[in-house]
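Q: below are the sequence and a predicted model for it; my questions follow.
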Amino acid sequence: MITTMMDLTNRLLQMQLLSAIGTVAFAFSGYLIGVRKRLDLLGIVIVSLLTAIGGGMIRDVLISRIPAVFFDYTNLGIITATLFVSWLAGLHRREGSTVTRLFILADSLGLVAFSLTGAEAGLTLGLNAFGVVLLGFVTAVGGGVVRDMMVNDIPFILHQDFYGTVSILVASGLFLMDW
Amino acid sequence: MITTMMDLTNRLLQMQLLSAIGTVAFAFSGYLIGVRKRLDLLGIVIVSLLTAIGGGMIRDVLISRIPAVFFDYTNLGIITATLFVSWLAGLHRREGSTVTRLFILADSLGLVAFSLTGAEAGLTLGLNAFGVVLLGFVTAVGGGVVRDMMVNDIPFILHQDFYGTVSILVASGLFLMDW
Amino acid sequence: MITTMMDLTNRLLQMQLLSAIGTVAFAFSGYLIGVRKRLDLLGIVIVSLLTAIGGGMIRDVLISRIPAVFFDYTNLGIITATLFVSWLAGLHRREGSTVTRLFILADSLGLVAFSLTGAEAGLTLGLNAFGVVLLGFVTAVGGGVVRDMMVNDIPFILHQDFYGTVSILVASGLFLMDW
């Protein structure tokens, strides 16, 4: 239970930090997919952008909220910086197991971070367990599904149960802790 | 025209009853599809759940309302009970024409019930004929479309005009009666 | 910058005019596609209707607004009149390059008109550049994507970059002028 003003402020900061971490991670995973599919620069930017903001936009539509990214430039700035740094690091020229490992790391990090921020949005609205877990789930996997559909892959969630299960467990955990 | 408090209360009760009937019917039709496709237990639960609540969620997104199932446990309880009773009745072990007939019965019942509750949501908001009929239609067929896409069938609505026509006629009827 | 009441009224009238132009243009492009695909009368009406109102409905869902077409009969009337005039003009009996040229004209006109009305909806809400441009984009291309999916074509936006680029440029232009 949240009991003091202090805790509330801490929690808000934690969620903003998690949101930033998730945005960096998914922008980066979108960048790596775009490079692997040999898209041009514009294609890479669009795939990276939609991977990072897609899940949050689906969540906001579900709870009848205008997507935050329509008002605030913070996440767009984070995505731009992530793409710029990835490009500077020359990651588009490397191949093989290092890149694969980086991709899995980024994707897992983004998944956990966005499961938490999505579930938190549900808790703030006073939703029930189903609503909280579903919001965590769509926030976490929505961006990846949009990304995979854009590059004509079968959405990863359909053949990798692992990701969805992790997201549901993380969101359920936050719900139980708050209960 | 609704004229007295009494009528209003009656109507609300009627709609809650119709909503419960539709939920039982679609949870059951989802269960039968899941069994026929030989899904595991988790798969059957997910398909049954989305068939029963999918249409209502699409309707709520269209009218900018947070889905009721995010707040209230009633429908989730009804779905759980339906699945439990279906399993107790051993319906997953039977095949053939009885099951097919039960499926068509459940699907038709759910279609009419949800066409009425969807159209009623539009009437309450004071929508025009197009809005009322469209809400009735998406509430009634939305769950089935989601179900068919999940098990990789071509959505039934695309090759069975009958269902869509019934839904449009039922919703139009309610609109005209209220007018 | 909008400075006087007069300007505001002018702008509102301009947007209503653009909305009407876009609705006529997209209803007509939907009609031509329906005829080319040899749909029956009901099929042509549905494809034409969804082409004309689909983009606006997706925009309204994104900004948590109940679609205007659910309240107001104006656009439905415009679509009906467009279909009736197209049919009177015997356009369903002609083939070849004239019809193709009419289709491209209608589609381009609708694209520019709806990019402007979509972007305007974003400006009215005080959205940032990303929100304004995205709303212009989905309003302009949403209807065409729905239309193409309904007649089982690959959505035009995926193999004709031109349309999407025009829409983004038009919406960006309106954002910069207002800034």
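A: Thanks, I have it. Residues are numbered from 1 along each chain as shown, chains lettered A, B, ... in the order given.

Q: ok, residue A:176 - contacts?
A: Contacts for residue A:176 (Cβ atoms under 8 Å, 6 or more residues apart in numbering or on different chains) come out as none. Just so you know, the C-beta spots here come from the backbone N, C-alpha and C atoms, and that holds for glycine as well.

Q: in the one helix or strand it maps to, which residues are buried?
A: Using DSSP states H and E, residue A:176 maps to helix A:161-178. Within helix A:161-178, the residues that qualify as buried by neighbour count (16 or more other Cβ atoms under 10 Å in any protein chain shown) are A:163-164, A:166-168, A:170-172, A:174-175.

Q: tell me the one of those residues nearest residue C:46?
A: When the buried residues of helix A:161-178 are compared for distance to residue C:46 (Cβ to Cβ), residue A:164 wins out at 34.9 Å.

Q: tell me how many other residues crowd the closest residue to chain B within chain A.
A: With Cβ to the nearest Cβ as the measure, residue A:131 is the residue of chain A nearest to chain B, at 3.1 Å. Residue A:131 has 25 neighbours, counted by other Cβ atoms under 10 Å in any protein chain shown.

Q: give me the nearest residue to it, chain neighbours excluded.
A: Using Cβ to Cβ, 6 or more residues apart in numbering or on different chains and skipping the chain neighbours, the partner closest in space to residue A:131 is residue B:70 (3.1 Å).

Q: over to residue A:130?
A: residue B:76 (5.9 Å).

Q: quickly find the element holding the one you found.
A: Residue B:76 belongs to helix B:74-88, assigned by DSSP H and E.

Q: so which elements touch that helix?
A: Packing partners of helix B:74-88 (3 or more Cβ pairs under 8 Å, 6 or more residues apart in numbering or on different chains; DSSP states H and E): helix B:5-36, helix B:41-62.

Q: buried deepest among these, which one?
A: helix B:41-62 (a mean of 22; mean count of other Cβ atoms under 10 Å in any protein chain shown).

Q: how about it, does it get close to chain C?
A: Yes. If you take Cβ under 8 Å from any Cβ of the partner chain as the test, helix B:41-62 does meet chain C, through B:61-62.

Q: does anything pack onto that helix? Which helices or strands?
A: Checking 3+ Cβ pairs under 8 Å, 6+ apart, helix B:41-62 ends up next to helix A:41-62, helix B:5-36, helix B:74-88, helix B:97-124, helix B:129-150, helix C:41-62.

Q: wait, which of the ones you listed is closest to residue A:142?
A: Of all these, helix A:41-62 comes closest under Cβ to Cβ, at 3.4 Å.

Q: report the angle between that closest one and helix A:161-178.
A: 40 degrees (axes from the mean of the first three to the mean of the last three Cα atoms, to 10 degrees).

Q: what average pLDDT does helix A:41-62 get?
A: Mean pLDDT, computed over helix A:41-62, is 92.

Q: same deal with stretch A:125-138?
A: 95.

Q: got the buried residues for that stretch?
A: Neighbour-count burial for stretch A:125-138 [16+ other Cβ under 10 Å]: A:125, A:127-138.

Q: enumerate the residues of chain A near chain B.
A: A:61-64, A:122, A:125-128, A:130-131, A:134.

Q: distance to residue A:142 for those residues - can I get that in TSV?
A: Output for the residues of chain A next to chain B, formatted as TSV (distance: Cβ to Cβ, whole Å):
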residue	distance to residue A:142
A:61	10
A:62	10
A:63	13
A:64	16
A:122	14
A:125	18
A:126	22
A:127	17
A:128	20
A:130	17
A:131	15
A:134	11
